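In: could you look at this predicted model? Sequence included:
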Amino acid sequence: MVLRFLIRYLANNEELVRRLSESYPMRRAARLVVYIINRGKLLAEERGLHDKLAPEELKKYVRRFSNNLKEEIEKAKSKYEKK
């Protein structure tokens, strides 16, 4: 509950949000997200997937990708911990 209050306070602090949005890491993260979205659209159009994929199928692909990513992160963590 305290964490929720703190997050709500910080999100509604206009000066803090403005300063964060002008920071280099936030701008870089926003650019990365836009790049990934545009690259995904381009690849889908090149391979002809934009007409074939229904939203449910796209969600399955995204879930599968995120699960694989989580598994690889866990493998890397366990490998790092063994060293």
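Out: All right, it came through fine. Residues are numbered from 1 along each chain as shown.

In: tell me which element the residue nearest the centre of the chain falls in.
Out: The centroid of the chain falls nearest to residue 33 when counting by C-alpha atoms, centre = their mean (7.0 Å). Assigned by DSSP states H and E, residue 33 belongs to helix 24-46.

In: ok, now which ones touch the residue nearest to the centre of the chain?
Out: Residues near residue 33 by C-beta atoms under 8 Å, 6 or more residues apart in numbering: none. Placement of C-beta: from N, CA and C, glycine included.

In: ok, back up a step: can I get the helix holding residue 33 in CSV, CA atoms only?
Out: Backbone C-alpha positions of helix 24-46 (Å, rounded to 0.1, in the frame of the first residue of the first chain) are rendered in CSV as follows:
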residue,chain,number,x,y,z
TYR,A,24,19.2,10.5,-21.7
PRO,A,25,18.2,7.0,-20.5
MET,A,26,14.5,7.7,-20.9
ARG,A,27,14.9,9.2,-24.4
ARG,A,28,17.2,6.3,-25.4
ALA,A,29,14.6,3.7,-24.1
ALA,A,30,11.8,5.4,-26.0
ARG,A,31,13.9,5.4,-29.2
LEU,A,32,14.6,1.7,-28.7
VAL,A,33,10.9,0.9,-28.2
VAL,A,34,10.0,2.8,-31.4
TYR,A,35,12.8,1.1,-33.3
ILE,A,36,11.7,-2.4,-32.2
ILE,A,37,8.1,-1.7,-33.2
ASN,A,38,9.0,-0.3,-36.6
ARG,A,39,11.4,-3.1,-37.2
GLY,A,40,8.8,-5.7,-36.3
LYS,A,41,6.3,-4.1,-38.7
LEU,A,42,8.9,-4.0,-41.5
LEU,A,43,9.8,-7.7,-41.0
ALA,A,44,6.1,-8.7,-40.9
GLU,A,45,5.4,-6.8,-44.1
GLU,A,46,8.5,-8.3,-45.8
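
In: right, I'll call it a day here.
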